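Enquirer: kindly generate the corresponding structure for this input.
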Amino acid sequence: MSYFYVLLTILLTVYGQIAIKWQVLKAGSMPEDAAEKVKFLFHLVLHPWVLSAFLAAFLASVTWMAAMTKLQLSHAYPFMSLAFVLVILLSNLFFGEPINAYKLIGVLVVMAGLAIGSQG
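Expert: Okay, here's the model as predicted:
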């Protein structure tokens, strides 16, 4: 069950990142004027999808606490690097962000690090 909590933490974290990026893209560029920036960000913060991302971040913290009751931090935390991998893949899928050779190598290094770091 502990690994299920880690998985939920990862998925909730990734959901939040994707939802916020989606809404930021829909909102457009941030204005230059300071007052307009505040208005722009306030509008974003109150958007239901952004609020759901904040809720996901809170729930990710709760599921992480649940995982920490059974797992050592030094063992569980490397799994959080999977969020990096999922965000790269999903940002390509949903937003057309490129996956270049550097990102691909980075993903492979992260995966190797996860395999090594989660041992023991």
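Enquirer: please state the offset of the longest helix that the chain contains from the chain centre?
Expert: Ordering each helix of the chain by length in residues (DSSP state H) puts helix 2-27 first. Its chain's average C-alpha position is 5 Å from that of helix 2-27, according to CA atoms, centre = their mean, to the nearest Å.
Enquirer: pull the contacting residues for the residue nearest in space to the middle of the chain.
Expert: By CA atoms, centre = their mean, the chain has its centre lying nearest to V14, at 3.2 Å. Counting by CB atoms under 8 Å, 6 or more residues apart in numbering, V14 makes contact with A83, L86, V87, L90. Every residue, glycine included, has its C-beta placed from N, CA and C.
Enquirer: so which residues of the protein form helices?
Expert: Using DSSP H, helices in the chain cover 2-27, 34-45, 48-68, 73-76, 81-95, 101-117.
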